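>>> 3D model of this:
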Amino acid sequence: MMTGHGGRLRYRTTTALTLASALAVPLVLSGCEDHSPVAAPTSTLPAKDSSTATPATDPQPTIPAYETELHLSPEETEAVEGALVAFEGYIATINRVFSSGGKDNEDTEIFASDRSLEALETSADELENRGQYMAGKYDYYDVRIHDVALEPELNQADSVIVLYCSHDSNHAVVDLDDPLPSQKPQSLTMKHTITKQDDAWKVSNQELWSKKCE
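Now for the predicted structure:
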């Protein structure tokens, strides 16, 4: 059902991430392969301390449904699955940390690294210092695999580029105890770069792709 082979596209990354980019940030691919959500294989899960893990705080991650126009090899499919586990874990971390007003900020490094981790931790500090929190929920939909780069011969980290849409009007930063304000419906398209570091996939960078879902 695939209609074409996607090219290896490279885009510039942002030089700084703020709270807005940490939070902000439906395409119809005719004939694309559709992958339904499934439980994540054990090999794709990050290592965790079994003495502290509980079913309530550490639920079994799943691989979100996604579409792609790429002709994925078995190795690339495995990479995509590992990257999507990190993607879902990162979104869950955003919701946990920001909805707590930055107070529940433990283990942020499990699914985030580099610029994304820096933005997450900086935003958590800003929320706590200002007495604010994120009302509502940060969501995602229409997940697409834009690019997969497995290039060990170039001594570069393996990476997966994910595009997705998010309802930007479904959340807002407000003062503690204030409710989610009424907002005009709006969706954005975000780009996440997910890289493999020390055998673990983590979201390393994110940027706004479009101010609408496309």
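
>>> what is the closest residue to H146 other than its chain neighbours paired to in the beta sheet?
Nearest residue to H146, sequence neighbours excluded (CB to CB, 6 or more residues apart in numbering): I161, at 4.2 Å. (Glycine included, C-beta is placed from N, CA and C.) On the basis of DSSP bridges, I161 takes part in beta bridges with D147, T193.

>>> ok, how many other residues are close to I161?
Number of residues near I161 (other CB atoms under 10 Å) recorded here: 20.

>>> do the one 3 residues further on as well
As a burial measure, the neighbour count of Y164 was computed by other CB under 10 Å and equals 24.

>>> Pretty sure the residue nearest to H146 sits against I145.
Yes. Counting by CB atoms under 8 Å, a contact exists between I161 and I145, whose distance comes to 7.4 Å.

>>> re earlier: okay, the residue nearest to H146: pLDDT?
Looking at I161, its pLDDT reads 97.

>>> Now do the contacts for it.
By CB atoms under 8 Å, 6 or more residues apart in numbering, the contact list for I161 reads I145, H146, D147, V148, K191, H192, T193, I194.

>>> doesn't V80 make contact with the fourth one?
Yes. The criterion here is CB under 8 Å, and V148 meets it with V80 at 6.3 Å.

>>> list residues touching both of these two?
Counting by CB under 8 Å, 6+ apart, the common neighbours of V148 and V80 are L72, V160.

>>> need the longest helix for this protein.
Secondary structure of the chain per DSSP state H: the longest helix is helix 74-99.

>>> any idea which helix or strand comes after that one?
Taking DSSP states H and E as the definition, the helix or strand that follows helix 74-99 towards the C-terminus is helix 114-130.

>>> So which bits of that next one are buried?
Within helix 114-130, the residues scored as buried using 16 or more other CB atoms under 10 Å are D114, R115, S116, L117, A119, L120, E121, T122, S123, A124, L127, E128.

>>> got the CA positions of that helix in PDB?
C-alpha atoms of helix 114-130 as PDB (Å, rounded to 0.1, in the frame of the first residue of the first chain):
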ATOM      1  CA  ASP A 114      19.800  17.300  25.000                       C
ATOM      2  CA  ARG A 115      17.700  20.300  24.100                       C
ATOM      3  CA  SER A 116      14.400  18.600  24.900                       C
ATOM      4  CA  LEU A 117      15.600  17.700  28.400                       C
ATOM      5  CA  GLU A 118      17.000  21.200  29.000                       C
ATOM      6  CA  ALA A 119      13.700  22.700  27.900                       C
ATOM      7  CA  LEU A 120      11.600  20.400  30.100                       C
ATOM      8  CA  GLU A 121      13.700  21.000  33.200                       C
ATOM      9  CA  THR A 122      13.900  24.800  32.600                       C
ATOM     10  CA  SER A 123      10.100  25.000  32.000                       C
ATOM     11  CA  ALA A 124       9.500  23.000  35.200                       C
ATOM     12  CA  ASP A 125      11.600  25.500  37.200                       C
ATOM     13  CA  GLU A 126       9.800  28.400  35.600                       C
ATOM     14  CA  LEU A 127       6.300  27.000  36.400                       C
ATOM     15  CA  GLU A 128       7.200  26.300  40.100                       C
ATOM     16  CA  ASN A 129       8.900  29.700  40.600                       C
ATOM     17  CA  ARG A 130       5.900  31.500  39.100                       C
END
